[in-house]
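Asks: Structure, please.
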Amino acid sequence: MAFSVFLNNKGKLRNLWWVAVFFLVLAAITFPFILLSQRYTFEITILYQAVIVLAASLICQLLRKEPLSDLFGVFNFRWIKDIFMGLFIGALLMLIPALILFVFGAVSWQINTIDLSSILSVTLLFVAVAVAEEVLFRGFIFQRLIGALGNWPAQLIIAAYFLLIHFNNPGMTGSIKLFAGINIFLASVMFGLAYIQTKSLAMPIGMHFMANWVQGVLLGFGVSGNEQAGFLKPIFNSASAWLTGGAFGLEASIPGLIAVILTIIILYKWKPAKN
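Replies: Numbering: from 1, shown residues only. Prediction:
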């Protein structure tokens, strides 16, 4: 009976202990990177972070002796379809709020000058961000929490963690901090539902990437408070920051919040085909 705290009825390590193992593995990989970055004076960029998170996830999945398809989803036509569906939803998440703000005169745009190399580098950055954050927040630890506690307790824990990681982003002050915080928390729930419904990281990765890309590269808004040079430059026409999201980005706006809530409802009611 003493071992029941650590092992389930199949004699395997319980899911919550695997969460602890993941963070130990993550730390074991991260700290040498930090020492190397200090020794050779290089920055641990988001690309390095994505590699670290992927490596920790792969190691833990191999330690569990479970297939990688359980972690990422089965790589087949359905996976490809899910990622394109995610790209489509992610684009709508930003285009619809932007259109609403434009129609009501809160925001207008002017053409901006941006070179191809900048577009490519920012696009690669957003790919790395989407992969790193979705593998971290919807990957191994989220899946272990679901196995241990169920869908909604896991959703709330990961959403709180997601918010905590983003809570001191640039521009999170005053009313923006409140609206951005609510939106970030609910966005985590939205991405989590995309995983739960599809049992794949394809859709949440696609949604996350395209929402950031459309918001920053296409529309020129900040992305989670980080300023981006885009094809267009938004002009806020004296509209309140809580309405438009201001420098933080559309994700802190009222229309952006409504778009996330509606997407959560649609994903929750969605009955994907079983194949």
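Asks: Helix or strand with the lowest mean pLDDT in this protein?
Replies: Using mean pLDDT, DSSP states H and E, helix 241-244 stands out as the lowest-scoring helix or strand of the chain, at a mean of 87.
Asks: helices or strands up against that helix?
Replies: helix 174-198, helix 254-269 (3 or more CB pairs under 8 Å, 6 or more residues apart in numbering; DSSP states H and E). All C-beta atoms are positioned from the backbone trio N, CA, C, and that covers glycine.
Asks: Give me whichever of those helices is most buried.
Replies: helix 174-198 (a mean of 21; mean count of other CB atoms under 10 Å).
Asks: Quick one: mean pLDDT for that one?
Replies: Averaging pLDDT along helix 174-198 yields 93.
Asks: How far off centre is the helix or strand that that helix is followed by?
Replies: The first helix or strand that comes after helix 174-198 along the chain, using DSSP states H and E, is helix 202-213. From the chain centre to the centre of helix 202-213 is a distance of 7 Å (CA atoms, centre = their mean, to the nearest Å).
Asks: Turn the helices and strands packed on helix 241-244 into CSV, including distance to residue 215.
Replies: Listed next are the helices and strands packed on helix 241-244 as CSV, based on distance: least, CB to CB, whole Å:
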stretch, distance to residue 215
helix 174-198, 12
helix 254-269, 9
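Asks: closest to residue 63 out of those?
Replies: helix 174-198 (21.4 Å; CB to CB).
Asks: Hey, what's the angle from the closest one to helix 202-213? Just curious.
Replies: 150 degrees (axes from the mean of the first three to the mean of the last three CA atoms, to 10 degrees).
Asks: that older thread, relative to residue 247, which of the helices and strands packed on helix 241-244 is closest?
Replies: Closest among these, once you apply CB to CB, is helix 174-198, at 8.2 Å.
Asks: what ranges do the strands span in the stretch 1-150 of the chain?
Replies: 108-111 (DSSP state E, counting those that start in this stretch).
Asks: where in it is pLDDT low?
Replies: By pLDDT under 70, the weakly predicted segments of the stretch 1-150 of the chain are 1-3.
Asks: at 80 what do you get?
Replies: Applying pLDDT under 80 to the stretch 1-150 of the chain flags residues 1-4.
Asks: for it, what spans make up the helices?
Replies: 15-40, 46-63, 69-72, 77-103, 116-138, 140-149 (DSSP state H, counting those that start in this stretch).
Asks: how about a markdown table for those helices, with distance to residue 192 added?
Replies: What follows is the helices of the stretch 1-150 of the chain, written out as a markdown table (distance: least, CB to CB, whole Å):
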| stretch | distance to residue 192 |
| --- | --- |
| helix 15-40 | 15 |
| helix 46-63 | 16 |
| helix 69-72 | 15 |
| helix 77-103 | 13 |
| helix 116-138 | 6 |
| helix 140-149 | 7 |
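Asks: Quick one: closest of these to residue 156.
Replies: helix 140-149 (9.4 Å).
Asks: can you pull the buried residues of that closest one?
Replies: 140, 141, 142, 143, 144, 145, 146, 148 (16 or more other CB atoms under 10 Å).
Asks: got a list of contacts for it?
Replies: 14-16, 18-19, 22-23, 56-57, 60-61, 70-71, 153-154, 157-158, 192, 195-196 (CB atoms under 8 Å, 6 or more residues apart in numbering).
Asks: ChimeraX command to pick out the buried ones of those?
Replies: The ChimeraX command for the buried members of those (criterion: 16+ other CB under 10 Å) is given here:
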select :15,16,18,19,22,56,57,60,61,71,154,157,158,192,195,196
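Asks: what mean pLDDT would you report for stretch 214-229?
Replies: Computed over stretch 214-229, the average pLDDT equals 89.
Asks: Which positions in it come out as buried?
Replies: Buried-residue list, stretch 214-229, by 16+ other CB under 10 Å: 214-226, 228.
Asks: For that stretch, what is the distance to the chain centroid?
Replies: That offset, for stretch 214-229, works out to 15 Å (CA atoms, centre = their mean).
Asks: how long is that stretch from one end to the other?
Replies: Using CA to CA, to the nearest Å, the end-to-end distance of stretch 214-229 comes to 12 Å.
Asks: Contacts made by stretch 240-250 with the rest, please.
Replies: By CB under 8 Å, 6+ apart, stretch 240-250 touches 94, 97-98, 101, 106-107, 169-172, 174-176, 179-180, 215-216, 219, 221-225, 227, 234, 236, 251-256.
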